[in-house]
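In: Sequence and predicted structure, then a few things I'm wondering about:
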Amino acid sequence: MNSFACAELSVLGPLNLALLFGLVILSGTFGARLCQKLHIPQVVGCIIAGILLGDTFNLITPKAIEALEPFTMLALGIIGFMIGGELRSDVFKKYGRQFFIILLSQGTAAFLLVAAGSSVIMWIITKNLPVSVAVALVLGAIASATAPAATANVLWEYKTRGPLTAAVLAIVALDDALALLLYRAAATGAKAITGTGHESIIRTVALLFGEILGAVLLGFLAGVMLYFLLKFVRADDKILEFTLCSLLLVVGISIIPGIDPILPAMVLGITTANLMPRRSKSVFQLVEKFSPPIYISFFVLAGAHMEFGRIDSGIIVMIVAFTLLRAAGKILGSWFGARYSAAPKAVQKYLGICLLPQAGVAIGLAILAGRQFNNNLGHTIIMVVMTATFVMEILGPMLVKMGVKKAGEVGLNITEEDLIKTYTVKDVMDDHPTTIAQDLLLQQILDIFSKTDAVYYPVVDDRSRIVGKITVTGIK
């Protein structure tokens, strides 16, 4: 066995990287297909497949998940890029004020409700007020995050279009920046309360805004570079190569300082979509055709994070409280923000339930919190967030589907290619064609030709049975 294979086995256990990836994509595809047949969002099947491969059969180990983290970052980058492609300037001109009001309202409401409720429950369990408040602040900040991947995947699967779809895509795209801002502030406060903080609040805020500004600048510069590169190519393969190259550079540079790649990749998508509004449609279509196996792998690996054996009764109470309070904050905050900003009725009614899925960013912040605090606090935060994320990744996509369906936006984003794939001859045929009797005079046939647009005409006998055909070209 060569050294490369041995290195893989030492990291991934009994399965080498190629075999593991094959199992991930195969199981995720089967799970997605089964859920599609049951009219359940496909992402649910991928997550269940990940749970089976991870927590049940232990084929995807924690070391394997850690080794595959760069691939997960690429998947998040592609998701951010595709979401950015939906955020064109005309959308922001029309809905921009509404988006930012709703964003702040739903994020703040989720943070406050989860932080308040979690602090009370943690104090009842631990009888330690500083620890309870510290954990509650971090959980509240993490609660504000929304899963752009699962949410957007459902919208794309059901080809939705309308004000609710536009609002959902904008909010989930910007929610990560808000969650990061709240998390940094909460983590600084938690460290101060527990006596483990060493950095000043001013330094932390400066680093945070520098990180966000750097991510935006990185995505914008990559978008400008891609714009100039695509000016000189027309072939689809070259367009895909340059696009993926730009995306990989953005993701790779983001990983170096530990920045979440969703934000810079989203800015790359926004820049691409707005610098070349017509040309960019083919760019996003090519990436969309390339990306399904990556989406499947991402959601399977998200499901593989679950470890049900590490959950005790106290954590169960925290999980239930976190899930319910976060849902209440998202729904009430979205309703208030949409009502205050005079958003359409569909947005007021259904936006909240479309913002409940939670995944990569929340898990990443939880793992980050687990490293920053002691073992007990870190373990509590990670298990609460991971389990609540699993629950909402199962229920959330179905709620997103229900929301856009009730809003009447399902199936409105249909392309010619979609119609060609689904239409049959019966759907497009003329079921009342103009017929010509076989004994009709030529002069009368010419008169029929002049009054209709058809090119072919069935010829019938006196019993209306088809005996042949006649064409305009044939007559000429």
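Out: Cool, the structure landed.
In: For the protein, just list every one of the strands.
Out: For the chain, the strands defined by DSSP state E cover 436-437, 456-460, 466-471.
In: Show me the domain layout of the protein.
Out: The chain resolves into domains spanning 3-56, 69-299+308-420, 430-475 when parsed by automatic domain parsing.
In: which stretch among those domains comes nearest Lys63?
Out: domain 3-56 (5.7 Å; C-beta to C-beta). C-beta: built from backbone N, CA, C; applies to glycine.
In: Show me how far the closest one is from its chain's centre.
Out: 19 Å (C-alpha atoms, centre = their mean, to the nearest Å).
In: circling back: as CSV, the strands of the chain with mean neighbour count and mean pLDDT would be great.
Out: Shown next, in CSV, are these (neighbours: other C-beta atoms under 10 Å; pLDDT from 0 to 100):
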stretch, mean neighbour count, mean pLDDT
strand 436-437, 16, 80
strand 456-460, 16, 82
strand 466-471, 12, 81
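In: Redo these as JSON lines? Include distance to Lys345.
Out: Formatted as JSON lines, those follow (distance: least, C-beta to C-beta, whole Å):
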{"stretch": "strand 436-437", "distance to Lys345": "54"}
{"stretch": "strand 456-460", "distance to Lys345": "49"}
{"stretch": "strand 466-471", "distance to Lys345": "53"}
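In: which stretch among those strands comes nearest Ile262?
Out: Of those, the one closest to Ile262 (C-beta to C-beta) turns out to be strand 456-460, at 54.4 Å.
In: by how many degrees do the closest one and strand 466-471 diverge?
Out: Per axes from the mean of the first three to the mean of the last three C-alpha atoms, to 10 degrees, the angle that strand 456-460 makes with strand 466-471 is 150 degrees.
In: got the contact list for Ala327?
Out: Leu356 (C-beta atoms under 8 Å, 6 or more residues apart in numbering).
In: do that again at 10 Å, thanks
Out: 110, 113-114, 143, 352-353, 355-356, 388, 392, 395-396, 399 (C-beta atoms under 10 Å, 6 or more residues apart in numbering).
In: If we only consider those, which is nearest to Leu275?
Out: Leu355 (29.2 Å).
In: What is the burial count for that closest one?
Out: 30 (other C-beta atoms under 10 Å).
In: So it is in contact with Ala143, correct?
Out: No - in this structure, Leu355 is not within contact of Ala143 by C-beta atoms under 10 Å, at 11.2 Å.
In: residues shared between the contacts of these two?
Out: 107, 110, 326-327, 329-330.
In: So of these, which two are at opposite extremes in space?
Out: Across those (C-beta to C-beta), the longest gap, 13.8 Å, separates Gly107 and Ala327.
In: any shared contact partners between those two?
Out: Joint contacts of Gly107 and Ala327 (C-beta under 10 Å, 6+ apart) are 143, 355.
In: Quick check: which ranges of the stretch 151-300 of the chain have low pLDDT?
Out: 194-201, 204-205, 208 (pLDDT under 70).
In: Could you export the shared contacts of Leu355 and Ala143 as JSON lines, including pLDDT and distance to Met122?
Out: Compiled in JSON lines, the shared contacts of Leu355 and Ala143 are given as follows (pLDDT from 0 to 100; distance: C-beta to C-beta, whole Å):
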{"residue": "Gly107", "pLDDT": "91", "distance to Met122": "22"}
{"residue": "Ala110", "pLDDT": "92", "distance to Met122": "17"}
{"residue": "Arg326", "pLDDT": "92", "distance to Met122": "16"}
{"residue": "Ala327", "pLDDT": "93", "distance to Met122": "19"}
{"residue": "Gly329", "pLDDT": "93", "distance to Met122": "18"}
{"residue": "Lys330", "pLDDT": "94", "distance to Met122": "21"}
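In: can you redo those residues as JSON lines with distance to Thr452?
Out: Converted to JSON lines, the shared contacts of Leu355 and Ala143 look like this (distance: C-beta to C-beta, whole Å):
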{"residue": "Gly107", "distance to Thr452": "61"}
{"residue": "Ala110", "distance to Thr452": "62"}
{"residue": "Arg326", "distance to Thr452": "63"}
{"residue": "Ala327", "distance to Thr452": "60"}
{"residue": "Gly329", "distance to Thr452": "63"}
{"residue": "Lys330", "distance to Thr452": "58"}
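In: Closest one of those to Ile253?
Out: Gly107 (26.9 Å).
In: Verify the stated contact: that closest one with Leu182.
Out: Yes - counting by C-beta under 10 Å, Gly107 does reach Leu182; the two are 6.9 Å apart.
In: So between the two, which is more surrounded?
Out: More crowded of Gly107 and Leu182, by other C-beta under 10 Å: Gly107, with 29 against 24.
In: what's the closest non-adjacent residue to the more buried one?
Out: Distances taken as C-beta to C-beta, 6 or more residues apart in numbering place Ser144 nearest to Gly107, at 4.1 Å, with adjacent residues excluded.
In: What of Thr271?
Out: Gly223 (2.6 Å).
In: just checking, the one you found touches Thr272?
Out: Yes - using C-beta under 10 Å, Gly223 is in contact with Thr272, at 5.1 Å.
In: out of the strands of the chain, nearest to His305?
Out: Short answer: strand 456-460, nearest of the strands of the chain by C-beta to C-beta, at 60.5 Å.
In: quick one: contacts of that closest one?
Out: Residues contacting strand 456-460 (C-beta under 10 Å, 6+ apart): 430, 433-440, 445, 448-449, 464-475.
In: ok, how many other residues are close to Pro41?
Out: 24.
In: And for Leu412?
Out: 13.
In: Do I have it right that it meets Thr160?
Out: Yes - look at Leu412 against Thr160 with C-beta under 10 Å: they come within range, at 6.5 Å.
In: what touches both of those two?
Out: With C-beta under 10 Å, 6+ apart as the test, Leu412 and Thr160 both reach Val404.
In: How about the residue nearest in space to the middle of the chain, nearest residue that isn't a chain neighbour?
Out: Nearest to the geometric centre of the chain sits Ala149, at 2.0 Å (C-alpha atoms, centre = their mean). Ranked by C-beta to C-beta, 6+ apart and with sequence neighbours excluded, the top spatial neighbour of Ala149 is Ile79, at 4.6 Å.
In: Next one: that neighbour from Pro292, what distance?
Out: 12 Å (C-beta to C-beta, to the nearest Å).
In: ditto for Ala186
Out: Relative to Pro292, and taking C-beta to C-beta, Ala186 is found at 36 Å.
In: which of those two has more neighbours?
Out: Using other C-beta under 10 Å, the more surrounded residue of Ala186 and Pro292 is Ala186, with 23 against 15.
In: Would you mind listing the residues in contact with that one?
Out: Counted by C-beta under 10 Å, 6+ apart, Ala186 has contacts 111, 115, 134, 136-142, 144, 365, 369.
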